[in-house]
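**Student:** I would like the atomic coordinates for the input below:
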Amino acid sequence: MVSMTYEKLAKEIVEAVVNASPNLKGAVTGHGPTNRIGGASGFRHQIDVSIEILNEKLLLVECKRYQSKVTVSDMLILIARINDIRKKRSEQVTGCFFTTKGYTGPAKKVGTFYDIELNTFTGVKPFAVHIAGNTFIKPEAMDLNVSVSGSYAKNRDV
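**Tutor:** This is a model prediction of the structure:
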């Protein structure tokens with residue numbers, strides 16, 4: 001079994017999606033504590049995983065390995081980061097969530113309203129994720145002690 005942090009796992013999945021998606025070729029990914037993106041407020045937000053596509057689009061990925069479901073407060077923090085960063089940058093800025101336990105009803109409602117792509121890691125099995133309006137499906141199981149299933153996400157270009 002491979003041992004890795006939750007953010008690193010999410011980054012590897014994001015990179016696999018980037019490599020498999022023709023419209024994401026040339027995208028630059030970042031992750032971890034030094035992955036910081038400045039907002040209009042002057043604050044440099046730490047972003048768990050980011051994908052920048054040809055200086056035109058930026059996807060911010062939030063990773064939560066919680067013992068309980070993601071709350072509306074967690075969702076609102078990501079939305080505030082997106083809005084702050086969006087006001088400073090010229091590219092389109094969107095968000096994506098990865099978690100282990102799912103989302104509360106209010107978190108789902110707010111996330112869906114703001115077009116946040118919602119993904120949940122639940123166990124080892126084949127998986128599909130929604131990232132940047134793309135659906136990536138890996139038919140074979142991963143040896144990472146987790147797998148991913150994506151929730152509803154609108155098809156849109158990022």
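**Student:** use CA for all of it now, contacts and neighbours both
**Tutor:** Will do.
**Student:** ok, Tyr66 to Lys57 distance?
**Tutor:** Counting by C-alpha to C-alpha, to the nearest Å, the gap from Tyr66 to Lys57 is 29 Å.
**Student:** higher neighbour count, these two?
**Tutor:** Taking Tyr66 and Lys57 together and counting by other C-alpha atoms under 10 Å, Lys57 has the greater number of neighbours (19 against 11).
**Student:** surely the more buried one is in contact with Gln92?
**Tutor:** Yes - between Lys57 and Gln92 there is a contact at 4.6 Å, judged by C-alpha atoms under 8 Å.
**Student:** can you give me how far stretch 66-78 is from the chain middle?
**Tutor:** Chain-centre distance of stretch 66-78: 13 Å, with C-alpha atoms, centre = their mean, to the nearest Å.
**Student:** so the nearest residue to Arg81 once chain neighbours are set aside bridges to which residues?
**Tutor:** Nearest residue to Arg81, sequence neighbours excluded (C-alpha to C-alpha, 6 or more residues apart in numbering): His45, at 7.0 Å. Note on His45: beta-bridge partners by DSSP bridges are Ile37.
**Student:** so what's His45 up against?
**Tutor:** Contacts of His45 were listed using C-alpha atoms under 8 Å, 6 or more residues apart in numbering, and they are Arg36, Ile37, Gly38, Gly39, Arg81.
**Student:** could you say what helices and strands the host helix or strand of Leu60 packs with?
**Tutor:** Element membership for Leu60, per DSSP states H and E: strand 57-64. Strand 57-64 sits against helix 6-20, strand 49-53, strand 92-99, with contacts defined as 3 or more C-alpha pairs under 8 Å, 6 or more residues apart in numbering; DSSP states H and E.
**Student:** mean pLDDT for the ones you listed: which is lowest?
**Tutor:** Here the helices and strands packed on strand 57-64 differ in mean pLDDT, and the lowest is helix 6-20 at a mean of 71.
**Student:** any idea how far the following helix or strand past that helix is from the chain center?
**Tutor:** Towards the C-terminus, the helix or strand next in line after helix 6-20, according to DSSP H and E, is strand 28-31. Its chain's C-alpha centre and that of strand 28-31 lie 11 Å apart, by C-alpha atoms, centre = their mean.
**Student:** fine by me, thanks again.
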